[in-house]
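Asker: Prediction below, plus the sequence it came from.
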Amino acid sequence: MSCQSPIVVALDFPTMAQSIDMAKRLDPSQCRVKVGKELFTTAGPAILDELHELGFEIFLDLKFHDIPNTVAKAVSVAAKSGVWMVNVHASGGRRMMETSANALQALPDQNTLLIAVTVLTSMDQSDLIEIGIDLTPEQQVRRLATLAKSSGMDGVVCSAQESSMLSSELGKDFVLVTPGIRPVGSDQGDQKRIMTPAQAMAAGSHYLVMGRPITQATDPIGVLTQANIDLGV
Ligand SMILES: O=c1ccn([C@@H]2O[C@H](COP(=O)(O)O)[C@@H](O)[C@H]2O)c(=O)[nH]1
């Protein structure tokens, strides 16, 4: 069954058992799921098979960042596993992104979305200054997203605070995946550039990544359901 919701639940758990417990409470028609570094490191590729078996489309969020050949091989393996979306860091540069996009295009029968991380949603201007970038987060996101688009990426990971700008500058078809989503009243945690689900959709985000506000809630399904209702899904 295809998923009607833009919400992608981040299954950030330290064990495969915990992530599968949560996935079994979720409905693949109500959300997609994201496998990130913590879960993949503990569970390995088997977690992808388990989640596919449960009917979920999977965003494999490993944020590859390495030399072009290495990243192209890694995204190819990911695509062959059947994940819905995989990502690289845009700061890996044009050759890394182009080589990866070309590698996916050369694969038969694959339609995995390849997207690039711009500026992590946990970062603000002071973090950028510390790593030698004298631009606002919005300026740096614009620069990296423009590079990502011209390097063959299907879209980017950014904060919803940049979605409106990117949507008007790079077009509505360029996929905007936005973590840092916080329903009203939920804990901001380590995220710096946040928006509510409704604000993010209104700004032009295509997909909303939500982790702790759902997975750490006393009623995870209640939070997900309310977010979908707020979005009219
Ligand atoms: O810029 C980024 C890129 C990825 N993430 C990932 O999204 C989730 C967010 O989880 P929350 O618990 O909702 O904060 C997490 O898996 C991150 O690794 C991101 O937050 N920002």
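Answerer: Looks like it arrived, so ask away.
Asker: helices or strands next to the strand or helix carrying residue 166 in the packing?
Answerer: For residue 166, the host element (DSSP states H and E) is helix 163-170. Helix 163-170 sits against helix 137-150, strand 175-178, helix 197-203, with contacts defined as 3 or more Cβ pairs under 8 Å, 6 or more residues apart in numbering; DSSP states H and E. In short, each C-beta sits where N, CA and C put it, glycine included.
Asker: End to end on stretch 153-165, go ahead and measure it.
Answerer: End-to-end distance for stretch 153-165: 18 Å, by Cα to Cα, to the nearest Å.
Asker: when you scan that stretch, is anything in it near the ligand?
Answerer: Yes - for stretch 153-165 and the ligand, the contact criterion (Cβ under 6 Å from any ligand atom) is met by residue 157.
Asker: what's the most buried one of the helices and strands packed on helix 163-170?
Answerer: strand 175-178 (a mean of 26; mean count of other Cβ atoms under 10 Å).
Asker: The residue in the chain that the ligand sits nearest to: how many residues sit nearby?
Answerer: Nearest residue of the chain to the ligand: residue 211, at 2.6 Å (Cβ to the nearest ligand atom). Residues near residue 211, counting by other Cβ atoms under 10 Å, number 20.
Asker: Residue 9 is in contact with that one, correct?
Answerer: Yes - under the criterion of Cβ atoms under 8 Å, residue 211 makes contact with residue 9 at 7.2 Å.
Asker: Between the two, which contacts overlap?
Answerer: Residues touching both residue 211 and residue 9 by Cβ atoms under 8 Å, 6 or more residues apart in numbering: residue 34.
Asker: does stretch 80-94 come close to the ligand?
Answerer: No - Stretch 80-94 does not reach the ligand (Cβ under 6 Å from any ligand atom); its nearest approach is 8.2 Å.
Asker: Of all the residues in that stretch, which ones are buried?
Answerer: By neighbour count on 16 or more other Cβ atoms under 10 Å, the buried set for stretch 80-94 is 83-93.
Asker: mind checking pLDDT for residue 2?
Answerer: pLDDT for residue 2: 83.
Asker: Quick one: the strands in the chain, in order.
Answerer: Residue ranges of the strands in the chain, as given by DSSP state E, are 7-10, 32-35, 58-64, 85-89, 113-117, 155-157, 175-178, 207-210.
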